[in-house]
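Asks: Predicted coordinates and the sequence they were generated for:
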Amino acid sequence: MKKQLLFNFLAEHQLPYQLHEHEPVFTVEEGKHLSASINGAHSKNLFLKDKKKNFFLVSILEHKRVNLKQLSKIYGKGGLSFASAEELDEKLKLTPGSVTPYALLNDIEQKIVFILDEDFLTFEIVNFHPLQNDLTVSMSIGSFLRFFQLIHHQINIIQIPIL
């Protein structure tokens, strides 16, 4: 999915957002300076799979580190590991460094489990890449949650502890 399709969807459904352009950011470390200039919660997004080849998109606050064994226990799925770049492309049409919950618009069959860190709910504004890593979309948490209602994709909101 191209970013313009996402922007068209947001406009069609009257989901307001602010778009920020910046240099490509591949890691949280590379994007730390953006947190100072873009208000709201910033994210780290992980595309994972379990031993049964079920796929998970996990969004946590940027400063958190996640222990995959601990997350497996919290969510009740064994053997979570990072999915490959090929699987990321096949399932979400993304490249590494561009993982974003907005790509779940591509998950027509609703086979990817979306896990959102509960701490996002404490922020008024949340920030995610819009399918490419040289842009950031700032949106109210209410509009962000509404996006998932509109695409009929379940959100699993869980508390992910800080390591």
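Replies: Looks like it arrived, so ask away.

Asks: what about the longest strand in the chain?
Replies: Using DSSP state E to define each element, the chain has its longest strand at strand 41-49.

Asks: Sheet-wise, list the partners of the helix or strand that it is followed by with their directions.
Replies: Counting by DSSP states H and E, the element after strand 41-49 in chain order, helix or strand, is strand 55-61. According to DSSP bridges, strand 55-61 forms sheet pairs with strand 41-49 (antiparallel), strand 112-117 (parallel).

Asks: mind putting the ones you listed in TSV, mean neighbour count and distance to L68 included?
Replies: To be clear about C-beta, it is placed using only N, CA and C from the backbone, and glycine gets the same treatment. Formatted as TSV, those follow (neighbours: other C-beta atoms under 10 Å; distance: least, C-beta to C-beta, whole Å):
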stretch	mean neighbour count	distance to L68
strand 41-49	21	7
strand 112-117	21	12
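
Asks: now those strands in a markdown table, with distance to H153 and mean pLDDT?
Replies: Putting these into a markdown table (distance: least, C-beta to C-beta, whole Å; pLDDT from 0 to 100) gives the following:
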| stretch | distance to H153 | mean pLDDT |
| --- | --- | --- |
| strand 41-49 | 15 | 94 |
| strand 112-117 | 6 | 96 |
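
Asks: And the strand or helix carrying V137, how far out from the chain middle?
Replies: Secondary structure assignment for V137, by DSSP H and E: strand 135-140. Relative to its chain's centre, strand 135-140 lies at 12 Å (C-alpha atoms, centre = their mean, to the nearest Å).

Asks: Look up phi and psi at E62.
Replies: Dihedral pair for E62: phi -60, psi -30, per degrees, to the nearest 10.

Asks: Looks like it contacts S43 (just checking).
Replies: Yes - when contacts are counted by C-beta atoms under 8 Å, E62 is listed as touching S43 (5.9 Å).

Asks: on that earlier part again, can you redo the strands paired with strand 55-61 as JSON lines with distance to Q18?
Replies: Formatted as JSON lines, the entries for the strands paired with strand 55-61 read as follows, by distance: least, C-beta to C-beta, whole Å:
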{"stretch": "strand 41-49", "distance to Q18": "14"}
{"stretch": "strand 112-117", "distance to Q18": "20"}
